[in-house]
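> I'd like to go over a predicted model; first the sequence, then the structure.
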Amino acid sequence: MNWFLPALASALIFGLSGFMMKYGSARGASSAHLLCGLYVSGTAGFFILALTQDQLDLNPALLVSGLIVGIGSTFGNYFFMRSLSFGPASLTAPIVNANVVFIVLMSVFYYGETITVLEIVGITLLLICICILPIDPQESISVHHKIWYLFVSLATVLFFLRNGGLKITEEMALNNTLVLFYGYLFGLLWSIGQMAWERQKTRTPSGAGLKRTGWISGLIAGLFSFSGMQIYAYALTVGPASLVSPIFSVYGLVIALLSMWWFSERLSIIQILSLIGIMTGIVLLRI
């Protein structure tokens with residue numbers, strides 16, 4: 001059970017990253033500034049960690065793996081946000097969160113991880129509750145354009161590349177700190193290009209206050225993202241991905257609870273039941 005606390009800690013810390021992104025967005029900051037700030041501090045964190053441990057390496061396998069994980073992280077976020085423009089969050093988020101199912105199936109059937117009946121019950125409860133957590137009964141469940149189906153499918157697969165990719169690289173005996181460093185470096189380069197493109201497209205300079213909010217929120221989010229992903233990568237080295245990944249996906253609950261506290265959002269009956277179910281699932285995996 002030496003994997004349980006790191007897995008839980010990764011969810012809590014990564015959830016703080018998601019909340020900071022939501023906070024910045026709610027304050028009017030652009031996604032370009034938020035993502036750029038996130039990848040600046042996240043990349044710096046992984047670089048410093050690798051440098052202090054004398055782990056810097058340009059191994060082609062690391063570069064390719066980092067590129068794949070980076071594509072999963074960067075474009076997963078991009079297509080998720082695009083999905084929300086054409087369909088409701090109550091439908092989009094549960095489908096995207098279901099990428100955890102692929103990680104569990106891969107871990108059990110491809111890598112031969114074994115799980116008990118009690119753990120299966122806990123995983124199933126976690127996955128169901130994580131998927132229904134974002135549902136808002138007040139929101140109209142209607143898709144505004146068929147392209148939503150493409151965007152949400154791409155986001156689901158890409159997030160699997162990010163989270164499940166670290167399981168694959170761990171099995172390949174690659175250094176996941178460096179994989180994440182190269183992945184975040186890719187995200188940084190892409191977000192810089194995206195920010196420049198948006199500036200050229202709009203030609204309307206953002207207010208200094210909004211830029212500052214975006215940068216600060218993004219930088220703080222990046223520190224939490226770096227810490228959460230590094231702990232998640234460590235948890236995968238000491239525990240089964242079929243159990244670690246479902247617990248890591250609980251970061252959505254952290255975002256929901258912090259939003260309820262900070263933005264005075266009220267939990268619906270569905271979300272309260274999801275909260276109880278998630279806590280029960282965690283207990284079942286801890287037994």
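The structure has been received and is ready for your questions. Numbers count the residues shown, from 1 in each chain.

> please pull out the lowest mean pLDDT helix or strand from the chain.
Sorting the helices and strands of the chain by mean pLDDT, DSSP states H and E puts helix 89-97 at the bottom, at a mean of 77.

> that one: how far from the chain's middle?
13 Å (Cα atoms, centre = their mean, to the nearest Å).

> just the CA atoms of it, as PDB, please.
In PDB, the C-alpha atoms belonging to helix 89-97 read as follows (Å, rounded to 0.1, in the frame of the first residue of the first chain):
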ATOM      1  CA  ALA A  89     -20.000  20.400 -19.800                       C
ATOM      2  CA  SER A  90     -22.400  18.000 -18.100                       C
ATOM      3  CA  LEU A  91     -22.000  15.700 -21.100                       C
ATOM      4  CA  THR A  92     -18.400  16.500 -22.200                       C
ATOM      5  CA  ALA A  93     -16.600  16.100 -18.900                       C
ATOM      6  CA  PRO A  94     -17.900  12.600 -18.000                       C
ATOM      7  CA  ILE A  95     -17.000  11.200 -21.400                       C
ATOM      8  CA  VAL A  96     -13.500  12.700 -21.300                       C
ATOM      9  CA  ASN A  97     -13.000  11.500 -17.700                       C
END
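
> counting contacts, what elements does that helix pack onto?
Applying 3 or more Cβ pairs under 8 Å, 6 or more residues apart in numbering; DSSP states H and E, one finds that helix 89-97 makes contact with helix 60-84, helix 117-132, helix 147-171. C-beta here means a position set from N, CA and C on the backbone, and glycine is covered the same way.

> for the closest residue in space to Gly42 that isn't next to it in sequence, list the residues it contacts.
Distances taken as Cβ to Cβ, 6 or more residues apart in numbering place Gly222 nearest to Gly42, at 3.9 Å, with adjacent residues excluded. By Cβ atoms under 8 Å, 6 or more residues apart in numbering, the contact list for Gly222 reads 17, 37-45.

> pLDDT at Gly222, what is it?
Reading off the confidence values, Gly222 has pLDDT 95.

> next, the angle from the helix or strand harbouring it to helix 60-84.
Using DSSP states H and E, Gly222 sits within helix 208-238. Taking axes from the mean of the first three to the mean of the last three Cα atoms, to 10 degrees, helix 208-238 and helix 60-84 form an angle of 130 degrees between their directions.
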